[in-house]
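Engineer: Need coordinates for the below:
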Amino acid sequence: QVQLVESGGGSVQAGGSLRLSCAASGRTFRSYAMGWFRQAPGEEREFVAAITYSGGSTYYTDSVKGRFTISRDNAKNTLYLQMNSLKPEDTAAYYCARARSYGLGVHPYEYDYWGQGTQVTVSS
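Structural biologist: A predicted model of the protein is given here:
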């Protein structure tokens, strides 16, 4: 059984930064691509970023390119999302997830394990 636990969320002003972490249990973390999604109240869960199992390739949704950076430390079984130049529209609950395959999926159905989420609130 895989468990994913996010941390690092909080409240910041526009232009600020936060670093989210996702700690994974088990010995298979390094074998799977991972992703970050977010969900605002009343909205569908949307893709933010993904990274291959080795960390060699990444992919971002257009709205966060140049501001967010996804990374991973396989020795620590941890996934990260560095978020800079935050905007009020980035306000959402952020979730990490493990991909079903090696690819950089952008749809929630392409991921099988999810964390409980961490809230990010950006004020103007």
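Engineer: make it CA atoms for all contacts and neighbour counts henceforth
Structural biologist: OK.
Engineer: ok so S63 is a strand residue?
Structural biologist: No - counting by DSSP: H, G, I helix; E, B strand; the rest coil, S63 is located in no strand; its state is helix.
Engineer: Look up how far L20 lies from it.
Structural biologist: Between S63 and L20 the computed distance is 18 Å (C-alpha to C-alpha, to the nearest Å).
Engineer: Neighbour count: those two, which is higher?
Structural biologist: The neighbour comparison of S63 against L20 (other C-alpha atoms under 10 Å) goes to L20, with 22 against 11.
Engineer: Grab the nearest non-local neighbour of that one.
Structural biologist: Leaving aside its chain neighbours, L20 sits nearest to G8 (4.5 Å; criterion: C-alpha to C-alpha, 6 or more residues apart in numbering).
Engineer: How much space separates the most centrally placed residue in the chain from N74?
Structural biologist: By C-alpha atoms, centre = their mean, the chain has its centre lying nearest to W36, at 2.4 Å. To N74, W36 is 16 Å away according to C-alpha to C-alpha.
Engineer: which SS state does the residue nearest to the centre of the chain fall under?
Structural biologist: strand.
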